[in-house]
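**Student:** only geometry, no sequence info:
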């Protein structure tokens, strides 16, 4: 602000320069819409690697065409993608379970996560492998509880833990800073909690496992004492081996654990059983907690009980089953529909069926399908591999037509996959004729489809569309050379592709190129490469100014960058000082592109123009609050046809 001098001296005043640097946006953020085994429905999730995709959506799935496309995207050079999961409506289900106490339902648990400041479901069979442990080893054992979530899987016949989330000192009291639904729902990427209606704040889910009575002193264990251990499907006698009376809880715990494990060495539920000391931080209410061996089949549902050899509770059996003790399942199972222990019957998770055209297209009001990308700030490349598998040509056209309109509005580029049954040159030409309405400057298509190893199918070759692979080639080319370089040629190698479904010859390529259908070719030395760079609006007969992919994508890049970089202009005084600033800032941006080799011309004057003055913005425009900016550029067009002229000279060349 201006300085008002009041004393003799030197004053410093900073003046605005009017320079606002315009930064170019990213050009290769891909978006994929399809069916996946897990992940939130109709919600865009950002991934930066195939590992991220595996964690969020489950990885490769034989029923998901896009899962292979996403792997190809990252294999071929992609670095950022947004993924939207869809499925046919009403066919999928979200896994859930209800946690209870002695009075009934307390807490509802369902697979999901927080997004858009709300809980969203994560349906699918994946959540049927979620397990929950509850214990009371908290700072306040009378009211708080700990919750542990474990995602499991069966690998080589054995159960393994994939990831674990633990939440300690949770409360069911409304307004408590550790209120369980608030804490878990905000942080968990596996489940969402709901309070059961009518559940009193003093109630909490029952501890998992068999939790004993409170102990005020070290139990007096004597050698040879026996008690019966009852487990699902049988019972066994446990005999205490005591060389000296225990003096600590740890010694008593070891004696009891040894006896239970030796009761039946052949029963994994007992042979690997664990006795824990739950010693609360306030020094009171210490007790033992017995957990069945987790290597036993169906251990989650196992409930262990103890009695003396005559059937009535013995002294030592009372350590774990006395008054007030809990006999519960070893772990709660999300998705279990049975009612056992303190686990209320839940809903089993179901993956659902692949989406139809309606689910892929989605609803702009509900922000479903492709419109789930409304929450995404920027994407440049859109791939919908599932559309090519719809079977009905009318549905394919409906999805891709809607996608083209959406890409036009979002300044993005669509890569269209041809159906798998388009497997001949004539079939490709017929497909173009039948889908002439899909010709658009913001779209491109490639023929033939590719064959790649399929890990879930013993690495046999799988026929996949080219969209994911080419999205990766786009990204790699943008990074190495710039968006103005055609994603084709000997540098446009197709990584991860074993072979092409059809091996095209030069004459066959010559049949497709003038029609605006790009070819994938195989050459000696170079291998499988992209050998075309035309948009679907690039057929020779159309004579479109957006004939080439790099020209169109460069224009979209400039449009999006200037749209974002000139927001500061809004509400500025509309006169020559503003126009000069606009020319300066946009000119600096365009000059930077010129220096990188993005335009034709030897000088900036030949390469681009930026005009904003009284000629573009008249007094009438000023009165209406309008400022007009004219930006022109001379794009580089790919050398699609290289013609070498050779002439035989008639005589000697004089030097």
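**Tutor:** That came through fine. Given the structure is predicted, the values throughout are model-derived calculations rather than measurements.
**Student:** tell me where the stretch 301-450 of the chain has strands.
**Tutor:** For the stretch 301-450 of the chain, strands defined by DSSP state E, counting those that start in this stretch occupy the ranges 305-307, 326-327, 332-333, 343-347, 381-383, 413-416, 443-447, 450-454.
**Student:** list the contacts of the third one.
**Tutor:** Same thing as strand 332-333. 97, 99, 109, 128, 130-134, 205, 208, 300-301, 343, 346 (Cβ atoms under 8 Å, 6 or more residues apart in numbering). Every C-beta, even on glycine, is put in place using the N, C-alpha and C of the backbone.
**Student:** still on that earlier bit, between the strands of the stretch 301-450 of the chain, which one is nearest to residue 622?
**Tutor:** Among the strands of the stretch 301-450 of the chain, strand 413-416 comes nearest to residue 622, with 36.0 Å by Cβ to Cβ.
**Student:** and of the strands of the stretch 301-450 of the chain, who's closest to residue 534?
**Tutor:** Closest of these to residue 534 is strand 443-447, at 6.9 Å (criterion: Cβ to Cβ).
**Student:** what does the closest one contact?
**Tutor:** Here strand 443-447 makes contact (Cβ under 8 Å, 6+ apart) with 400, 404, 407, 413-418, 422, 428, 438, 466-467, 470, 502, 512, 517-520, 530, 532, 534-537, 549.
**Student:** just the ones of these in helices?
**Tutor:** Under the assignment DSSP state H, the contacts of strand 443-447 contribute 400, 404, 407, 428, 467, 470, 512, 549 to helices.
**Student:** nearest to residue 258 among those residues?
**Tutor:** Nearest to residue 258 among these is residue 467, at 61.4 Å by Cβ to Cβ.
**Student:** how about that closest one, what does it touch?
**Tutor:** Contact analysis of residue 467 by Cβ under 8 Å, 6+ apart lists 69, 383-385, 415-417, 446.
**Student:** still on that earlier bit, kindly reformat the ones in helices among the contacts of strand 443-447 as JSON lines containing pLDDT and distance to residue 452.
**Tutor:** JSON lines is the format used below for the ones in helices among the contacts of strand 443-447 (pLDDT from 0 to 100; distance: Cβ to Cβ, whole Å):
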{"residue": "400", "pLDDT": "96", "distance to residue 452": "23"}
{"residue": "404", "pLDDT": "96", "distance to residue 452": "27"}
{"residue": "407", "pLDDT": "96", "distance to residue 452": "26"}
{"residue": "428", "pLDDT": "94", "distance to residue 452": "20"}
{"residue": "467", "pLDDT": "96", "distance to residue 452": "13"}
{"residue": "470", "pLDDT": "97", "distance to residue 452": "13"}
{"residue": "512", "pLDDT": "94", "distance to residue 452": "22"}
{"residue": "549", "pLDDT": "96", "distance to residue 452": "23"}
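**Student:** would you list those residues in JSON lines and tack on distance to residue 616?
**Tutor:** As requested, the ones in helices among the contacts of strand 443-447 are exported to JSON lines (distance: Cβ to Cβ, whole Å):
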{"residue": "400", "distance to residue 616": "37"}
{"residue": "404", "distance to residue 616": "31"}
{"residue": "407", "distance to residue 616": "29"}
{"residue": "428", "distance to residue 616": "45"}
{"residue": "467", "distance to residue 616": "40"}
{"residue": "470", "distance to residue 616": "38"}
{"residue": "512", "distance to residue 616": "42"}
{"residue": "549", "distance to residue 616": "30"}
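**Student:** buried subset of these?
**Tutor:** Among the ones in helices among the contacts of strand 443-447, the ones that count as buried by 16 or more other Cβ atoms under 10 Å are 400, 404, 407, 428, 467, 470, 512, 549.
**Student:** now residue 152, which residues is it bridged with?
**Tutor:** Note on residue 152: beta-bridge partners residue 161, judged by DSSP bridges.
**Student:** list the residues that contact it.
**Tutor:** Taking Cβ under 8 Å, 6+ apart, one finds 129-131, 159-162 in contact with residue 152.
**Student:** what is the burial count for residue 53?
**Tutor:** Other residues near residue 53 come to 25 when the count uses other Cβ atoms under 10 Å.
**Student:** now residue 430
**Tutor:** Once other Cβ under 10 Å is used to define contacts, residue 430 is seen to have 12 neighbours.
**Student:** try residue 542
**Tutor:** Applying other Cβ under 10 Å, we find 16 residues neighbouring residue 542.
**Student:** backbone dihedrals for it, please?
**Tutor:** phi -80, psi -20 (degrees, to the nearest 10).
**Student:** wait, it sits on residue 441?
**Tutor:** No. Between residue 542 and residue 441 there is no contact under Cβ atoms under 8 Å: 9.7 Å.
**Student:** follow-up on the earlier one: may I ask which two of the contacts of residue 152 are separated the most?
**Tutor:** Farthest apart among those - using Cβ to Cβ - are 130 and 160, which lie 13.9 Å from each other.
**Student:** of these two, who's got more company?
**Tutor:** Using other Cβ under 10 Å as the criterion, residue 130 and residue 160 rank with residue 130 on top: 23 against 10.
**Student:** so who does the nearest residue to that one once chain neighbours are set aside touch?
**Tutor:** Spatial nearest neighbour of residue 130, chain neighbours left out: residue 334 (3.9 Å); criterion: Cβ to Cβ, 6 or more residues apart in numbering. The neighbours of residue 334, taking Cβ under 8 Å, 6+ apart as the test, are 95-97, 109-111, 127-128, 130-132, 191, 346, 349.
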